[in-house]
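> structural data only, the sequence is not supplied:
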């Protein structure tokens, strides 16, 4: 790597060469933005055993392609799966949990909810630590912040002795009601820092000062579990890059510096998918489709999210059976990707996923499997002719059509089907799984998917988009340029983003005016604390005051409820917003019940980099002729001749009718018979079932 390329502590507003890097289960995607309006693309197979290996190799390779000024400073914006995979695979740090005596079994008790209602023998996911690593401390706070049992020096000394014997790599401290009074937690944190200075420390009053002990404890434990893992990973990246300006995508849709990620790595559990939604919504909004359902199908999974005029965020999620109560883009994930394994269950029914062959060894058509070949969704596409073997994936990966057919033939023989019918069945099963995921974020939450545009991306999304739209009654599909690299585009678009919260547990007075909520003394004090935290973080991140934005919101509920609705605090009609949203979600609202303000939330950072939307600038107009070749495709009944077109040759205004296959560097689009396609002014493919001359929404 050229000397002087990296500049530590580079201000965010200084012009730099920016590289977006998204690590997926099969491919690692890169986009380079040099400020010229042209993005350089690169894609290589991921290295699951050591994700940093593919990231560093990809950065070196894309810089070699760029051939620009070697002295230009570089910022890398990275979407990481390290924290997610560590929790899913159980490859976490040896950690200890410090909690209030009598509450040591909280993680194992959890909640009464039953995700599988009719499962007579449900099995709960085990917490990522052994029971003997839970240390109960004799102390007790009450919910109003008063002290019931003081924390003594003897209790602190006893904890120090216990931790000295356990020697954990990480420690999570989560005491009862510490959101109301964090004094005891801070005392214990000081003791742990002095006893185990090298251990990663998570303190709940710093990470998540909110009520609900189980969720707060599980979030802190998840953070501590991946702290050392993420720290080592970031260290490998920084060693390989030199002292550089590295930033990591957070689950909330913004980027964070390594120091913040080392401290709170659990904020990156949806790092890559969040970048995908950010990129997808940006291109959809630019094309006038701000009401869209994003559909990201990669090598190991499919991620879907609904955007109704803006990205939807949630205050909680789940990973490896652990609730994580932190702000994140609302994304639903299912185990159906290009590398998902097709198999027959004990009853002989065809199943797809959630097991995936990922990048190692990958689908049979990649030519990397050994022994008995195992069929995947990608292999089914190759068998049916959807991925022409003559057109290399990512510009260099030559597909082995014979290996794909051989892998699917074993499944076909076991199921008593022809190879083509077995391959078609694999796709149909996967598509039903994906349709349910879309219904989860739309119909189950009061949204009609027919009123939205489906925006597929990822390497495999556009292969399934038309069929998925048919299943859901969606009329429009918008395929962006560089669909397989859209998550990397989201990294490039991202600005800095920090999120903070503070429990309020405040019953609002009945005479409160809608615009008087923020003026209440308790709310004003909490606002001041959160803004001070945010400004300290933005100062450390070299964000100039003029570039900063702040967004305040509050969680409200009726007295006696156990669920909240988040509304903007700055709006004059905050209480009316709450009532309207409650009516939409639950079918009623009432003026007879009191309202509680449960928590205050603050987002602070910089706006997404809109100047990068030059990537979406108007394309050259069509010449009226589209060069196409012919390839054989199985349509469900017989082999037919299908048009095959390279996407780079399509210009604004071009129109196509299915059946047609459109290949590009990072993805493939399947336009079935009965569908029309129009290339809009941004070079995006607008697919519709109605006639091409019909009205386009």
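That came in fine, so what should we check first? Every value quoted in this text rests on a predicted model; they were computed, and no experiment measured them. Numbering: from 1, shown residues only.
> can you give me the strands for the stretch 101-250 of the chain?
134-137, 140-141, 147-149, 170-174, 200-203, 245-249 (DSSP state E, counting those that start in this stretch).
> contacts for the fourth one, please.
Outside of strand 170-174, the residues that reach it under the criterion C-beta atoms under 8 Å, 6 or more residues apart in numbering are 93-99, 163, 185, 188-189, 192, 196, 199-204, 213, 216-217, 220-221, 223-225, 227-228. Where you see a C-beta, it was placed from the backbone N, CA and C, and this is true even at glycine.
> from residue 275, how far out is residue 487?
4 Å (C-beta to C-beta, to the nearest Å).
> the two: which has the busier surroundings?
More neighbours surround residue 275 than the other of residue 487 and residue 275, with 34 against 31 (other C-beta atoms under 10 Å).
> state the phi and psi torsions of the more buried one.
Dihedral pair for residue 275: phi -60, psi -40, per degrees, to the nearest 10.
> ok, how many other residues are close to residue 658?
Residues within reach of residue 658, counting by other C-beta under 10 Å, total 18.
> sorry, back to before: residue 181 is nearest to which of the strands of the stretch 101-250 of the chain?
Evaluated over the strands of the stretch 101-250 of the chain, closeness to residue 181 peaks at strand 140-141, with 5.1 Å, by C-beta to C-beta.
> residues contacting that closest one, please?
Residues outside strand 140-141 that contact it (C-beta under 8 Å, 6+ apart) are 100, 147-149, 175-178, 180-181, 184.
> what's the closest of the residues you listed to residue 259?
Of the contacts of strand 140-141, the one sitting nearest to residue 259 (C-beta to C-beta) turns out to be residue 178, at 23.9 Å.
> and the gap between that closest one and residue 187?
On the measure of C-beta to C-beta, residue 178 and residue 187 end up 11 Å apart.
> before we move on, what about residue 679?
64 Å.
> kindly report the same for residue 525.
For residue 525, the distance to residue 187 - C-beta to C-beta - is 23 Å.
> so for the two, which sits in the more crowded spot?
Legend: neighbour count by other C-beta under 10 Å for residue 525 and residue 187, higher for residue 187 (17 against 13).
> ok, the more buried one - contacts?
151, 156.
> tell me the pLDDT of it.
Here, the pLDDT recorded for residue 187 equals 97.
> give the buried residues for the longest helix along the chain.
Ordering each helix of the chain by length in residues (DSSP state H) puts helix 213-241 first. Residues 213-231, 233-234, 237-238, 240-241 are the ones in helix 213-241 that count as buried (16 or more other C-beta atoms under 10 Å).
> please enumerate the strands of the stretch 501-650 of the chain.
With strands called from DSSP E, counting those that start in this stretch, the stretch 501-650 of the chain shows them at 548-558, 565-568, 595-606, 629-634, 639-646.
> could you flag which of the contacts of strand 140-141 are buried?
100, 149, 175-178, 180-181, 184.
> show me which pair in these is furthest apart.
Pairwise distances across those (C-beta to C-beta) peak at 14.7 Å, for the pair 149 and 180.
> which residues of the stretch 151-300 of the chain score low on pLDDT?
243-244 (pLDDT under 70).
> again, only using 80
By pLDDT under 80, the low-scoring segments of the stretch 151-300 of the chain are 242-244.
> ok, now the stretch 551-697 of the chain?
For the stretch 551-697 of the chain, the stretches flagged by pLDDT under 80 are 570-573, 608-627, 690-697.
> kindly recompute the last result at 50.
The stretch 551-697 of the chain contains residues with pLDDT under 50 at 692-697.
> quick one, helices of it?
574-586 (DSSP state H, counting those that start in this stretch).
> most tightly surrounded among the strands of the stretch 101-250 of the chain?
Among the strands of the stretch 101-250 of the chain, strand 170-174 has the highest mean neighbour count (mean count of other C-beta atoms under 10 Å), at a mean of 28.
> could you check the angle that one makes with helix 213-241?
Going by axes from the mean of the first three to the mean of the last three C-alpha atoms, to 10 degrees, strand 170-174 is angled at 150 degrees with respect to helix 213-241.
> centre of the chain to strand 170-174, how far?
Taking C-alpha atoms, centre = their mean, to the nearest Å, the mean C-alpha location of strand 170-174 is offset from the chain mean by 25 Å.
> partners of that strand in the sheet?
Here strand 170-174 has these sheet partners by DSSP bridges: strand 95-100 (parallel), strand 200-203 (parallel).
> in a markdown table: those strands, plus distance to residue 257.
Output for the strands paired with strand 170-174, formatted as a markdown table (distance: least, C-beta to C-beta, whole Å):
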| stretch | distance to residue 257 |
| --- | --- |
| strand 95-100 | 24 |
| strand 200-203 | 17 |
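> now for those strands, which one comes closest to residue 507?
Here strand 95-100 is closest among the strands paired with strand 170-174 (C-beta to C-beta), at 25.7 Å.
> what is the mean pLDDT for the closest one?
On average, strand 95-100 scores 97.
> what of stretch 427-438?
So the average pLDDT for stretch 427-438 ends up being 95.
> how about residues contacting it?
293, 295, 297, 302, 304, 332-336, 340, 342, 350-353, 377, 380-381, 384, 449, 454, 464, 467-468, 471-472.
> before we move on, what about stretch 396-410?
Outside stretch 396-410, the residues that touch it by C-beta under 8 Å, 6+ apart are 45, 342, 363-367, 369, 372-376, 378-380, 382-383, 387, 389, 392-393, 419, 422-423, 426.
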